[in-house]
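Asks: Got a sequence here, can you model it:
(one chain, ligands or ions: 1)
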Amino acid sequence: MIGTPNNGRLRLAFSLVNGSQDLGPDSTPVSHAGSECGAIEFTREDVEALVSEKMKSKNKFNYKERCENMMEYIKRLRLCIRWFQELEGEYAFEQEKLRSALELTERRCYEMEMALKNKDEEMNLIILELRNSLASLQEQLVKVESEKKAAMDSLVKEKEARDSIERSKASLSEELDKVRAELDSANQRIASINDMYKLLQEYNSSLQIYNSKLQTDVTAAHETIKRGEKERLAAVENLHNLRGEHKSLQDQLTSSIASQDGVMKQKDALLNEVACLRMELHQIKDDRDQYQQQAQSLAVEASKYKELVTNSSGLEEKCLSQGNQIQILHDQLAVAERKLQMSDTFALEKRKEFEGQKEIIEELHKCLEDAEFKLIEGEKLRKKLHNTILELKGNIRVFCRVRPQLADDSSSNHGKVFSYPTVMEYLDRSIDMTHNGQKHSFIFDKVFMPDVSQEEVFVEISQLVQSALDGYKVCIFAYGQTGSGKTYTMMGKPGQPDEKGLIPRSLEQIFQTIQALQHQGWRYEMQVSMLEIYNETIRDLLSTNRDSSRFENGVTGKQYMIKHDANGNTQVSDLTIVDVQSSREVSFLLDRAAQSRSVGRTQMNEQSSRSHFVFTMRITGVNEVQVDVLP
Ligand SMILES: Nc1ncnc2c1ncn2[C@@H]1O[C@H](COP(=O)(O)OP(=O)(O)OP(=O)(O)O)[C@@H](O)[C@H]1O
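Replies: Next comes the predicted model:
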């Protein structure tokens with residue numbers, strides 16, 4: 001396109017004006033409203049094509065057509081010329097505008113030059129200043145350069161340090177990753193611990209409530225136990241008295257039965273005597289009657305003869321003596337009758353006494369039964385309270401026994417110092433060990449100090465043995481490093497009765513209890529199933545009690561039954577006392593402590609070494625206890 005837009009007017013391309021590229025004579029002229037050429041634009045090619053256009057005509061001599069074509073051509077030329085003229089006008093206007101703009105620009109340019117000059121001067125001044133400052137800066141630069149050099153040196157050093165730091169950072173970041181992983185796991189653990197802590201807190205609070213309840217129960221139980229104990233003591237005393245009374249009454253009864261027998265015999269003799277006397281009396285009466293008749297007849301005869309024979313003294317004497325005899329016989333009869341009456345009343349009294357004694361004996365039997373019932377009830381209460389106390393003390397308890405220093409210990413102690421805190425809360429429960437300047441504190445259910453005797457240790461254990469005797473499952477075992485005193489605690493020193501260990505003492509307690517409870521109707525069935533009873537004290541104990549407990553050495557799995565419970569109830573309890581020889585057994589024993597059943601016995605036999613001593617006790621029925629002793 002040539003030219004610029006004219007005052008916003010758009011010009012159309014000449015080819016469009018022509019209707020197509022070729023401007024043939026048939027092409028119709030475009031009408032333009034407003035101006036001759038309207039908004040038509042001409043390109044150079046258009047103008048050249050228009051100028052060099054030749055008139056074409058089919059008929060050379062058709063002038064009219066040629067004239068019309070010429071007119072058309074002239075019209076287009078005019079249009080083109082007018083466009084040129086308009087364009088020229090526009091150019092002139094544009095030129096004028098440009099000139100004024102040029103002037104304005106020249107003026108501005110001048111002003112700019114002036115300003116530039118001023119600026120140049122200013123710049124010169126600034127340059128001067130800058131040069132001055134450059135000089136000073138150069139000086140400074142030199143300084144800075146030296147400083148930079150020093151800084152570079154330090155930078156190199158720093159870089160090295162940084163490298164080392166980077167390396168340590170890398171290792172630290174590795175560690176950090178590890179720590180993060182650990183932290184994550186620790187966080188998880190903390191979360192789980194927190195959960196557990198919450199649970200434990202809940203459990204703790206419920207336990208505290210339960211504990212306070214139990215404590216009130218315990219105080220009540222203590223009071224009841226005291227009362228029960230008092231009652232039991234009173235009952236035992238009463239029973240003792242009753243037994244004494246019963247015995248004396250039984251003695252009395254036997255003596256009175258014996259005396260009754262005597263009296264009966266006496267009575268029989270007396271009755272015989274009475275019968276004899278009666279017969280005699282009868283005889284005497286008959287005699288008397290006869291004599292009386294004789295006397296009467298004699299009296300008649302005498303009166304007859306009195307008249308006839310005066311003073312026949314012989315007959316009178318005879319009569320007198322017969323009268324005397326009759327009197328004597330009367331007296332004898334009265335005595336015999338009195339004796340008979342007396343023996344009857346004596347027999348009646350004896351019978352009454354016998355009946356009274358029979359009633360007393362029945363009453364005493366009832367009292368005895370009551371006392372025995374109370375005793376059994378008291379025993380049950382004692383068992384329950386004992387078990388409650390043991391449960392309150394803790395079902396699983398860990399005691400620590402500190403062995404005294406031995407002669408050959410001094411070299412191996414390496415400055416270990418033991419101390420026992422005296423704080424009330426931890427009294428007899430805690431031990432502090434200082435080793436190489438570091439203090440370690442341990443808390444147990446009880447700490448036995450080195451000077452504690454075997455008997456004092458057994459006092460704690462005896463409650464558990466009692467619990468086993470009461471039908472609960474108990475497992476006691478010693479665990480510790482070599483030479484720490486396990487065997488000493490469990491077995492004791494051979495040949496030194498005062499230093500007997502827990503196992504012989506437990507056995508003694510069991511045998512004593514068996515003896516003591518025999519009169520209460522308790523029957524204990526014991527069984528020893530030991531492959532080898534290697535401890536002298538235990539062997540002696542077992543053989544001494546062989547009769548009462550039917551212990552047999554070397555017998556496994558044998559059982560004796562004395563009495564069956566009417567209901568067929570079977571209660572099984574275990575008492576396991578072990579001197580542990582390897583840590584492998586601890587898990588087994590813990591398992592056993594948890595289950596405390598005699599199921600794992602065979603395994604124990606197979607695995608255990610000679611020094612193991614497992615003591616199991618089985619309570620069968622209400623009043624039966626069976627004890628197994630295993631190696
Ligand atoms: N409380 C104690 N009082 C006196 N002497 C003790 C005491 N405890 C242990 N001993 C003695 O210490 C020594 C080692 O004890 P013991 O044999 O009982 O240890 P242990 O733990 O059974 O060892 P191991 O595991 O080797 O069988 C023994 O001579 C024992 O007499």
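Asks: Test my guess that K493 contacts E499.
Replies: Yes: if you go by CB atoms under 8 Å, K493 and E499 touch, sitting 4.2 Å apart. Any C-beta I mention is one placed from the backbone N, CA and C, and that applies to glycine too.
Asks: what helix or strand is L87 on?
Replies: helix 63-308 (DSSP states H and E).
Asks: ok, and the closest non-adjacent residue to whichever residue of the stretch 251-400 of the chain sits closest to the ligand?
Replies: Going by CB to the nearest ligand atom, the ligand is nearest to C400 of the stretch 251-400 of the chain, at 12.2 Å. In space, and not counting its chain neighbours, C400 is closest to F444: 4.5 Å by CB to CB, 6 or more residues apart in numbering.
Asks: Contact partners for that neighbour?
Replies: Neighbouring residues of F444 by CB atoms under 8 Å, 6 or more residues apart in numbering: V398, F399, C400, R429, S430, I431.
Asks: try it again with 10 Å
Replies: R397, V398, F399, C400, R401, Y426, D428, R429, S430, I431 (CB atoms under 10 Å, 6 or more residues apart in numbering).
Asks: what does E425 give?
Replies: Applying CB under 10 Å, 6+ apart, the residues near E425 are I443.
Asks: roughly how far apart are it and the ligand?
Replies: 26 Å (CB to the nearest ligand atom, to the nearest Å).
Asks: which SS class is that residue?
Replies: helix (DSSP: H, G, I helix; E, B strand; the rest coil).
Asks: ok, back up a step: would you list the phi and psi of the residue nearest to C400?
Replies: phi -130, psi -180 (degrees, to the nearest 10).
Asks: swap in K473?
Replies: According to degrees, to the nearest 10, K473 has phi -90, psi 130.
Asks: That one contacts S467, doesn't it?
Replies: Yes: applying CB atoms under 10 Å, one finds K473 in contact with S467, separated by 8.7 Å.
Asks: Now do the phi/psi pair for M433.
Replies: phi -120, psi 120.
Asks: Look up how far the ligand lies from the closest residue to it other than its chain neighbours.
Replies: Excluding the flanking residues, the one nearest M433 by CB to CB, 6+ apart is H440, at 4.9 Å. Separation of H440 from the ligand (CB to the nearest ligand atom) stands at 21 Å.
Asks: so H440 is in which element?
Replies: strand 438-443.
Asks: elements contacting the next helix or strand after that strand?
Replies: The first helix or strand that comes after strand 438-443 along the chain, using DSSP H and E, is strand 446-448. With contacts defined as 3 or more CB pairs under 10 Å, 6 or more residues apart in numbering; DSSP states H and E, the packing partners of strand 446-448 are strand 399-401, helix 454-469.
Asks: just to revisit the earlier point, next, the buried residues of the strand holding H440.
Replies: Across strand 438-443, burial judged by 16 or more other CB atoms under 10 Å covers no residue at all.
Asks: T489: neighbouring residues, count only.
Replies: T489: 22 surrounding residues under other CB atoms under 10 Å.
Asks: Tell me who's in contact with it.
Replies: 399, 401, 403, 448, 454, 457-458, 461, 478, 480, 501-503, 579.
Asks: ok, now with 8 Å
Replies: Contacts of T489 by CB under 8 Å, 6+ apart are R401, Q454, V457, A478, G501, L502, D579.
Asks: Show me what the first one is bridged to.
Replies: What that stands for is R401. Counting by DSSP bridges, R401 forms beta bridges with F448.
Asks: surely it meets K486?
Replies: No: between R401 and K486 there is no contact under CB under 8 Å: 9.2 Å.
Asks: okay, the two: which has more neighbours?
Replies: K486 (22 against 19).
Asks: What is the burial count for the residue lying closest to the more buried one once chain neighbours are set aside?
Replies: Counting by CB to CB, 6+ apart, A478 is the residue found nearest to K486 once chain neighbours are left out, at 4.0 Å. Neighbour count for A478, taken as other CB under 10 Å: 20.
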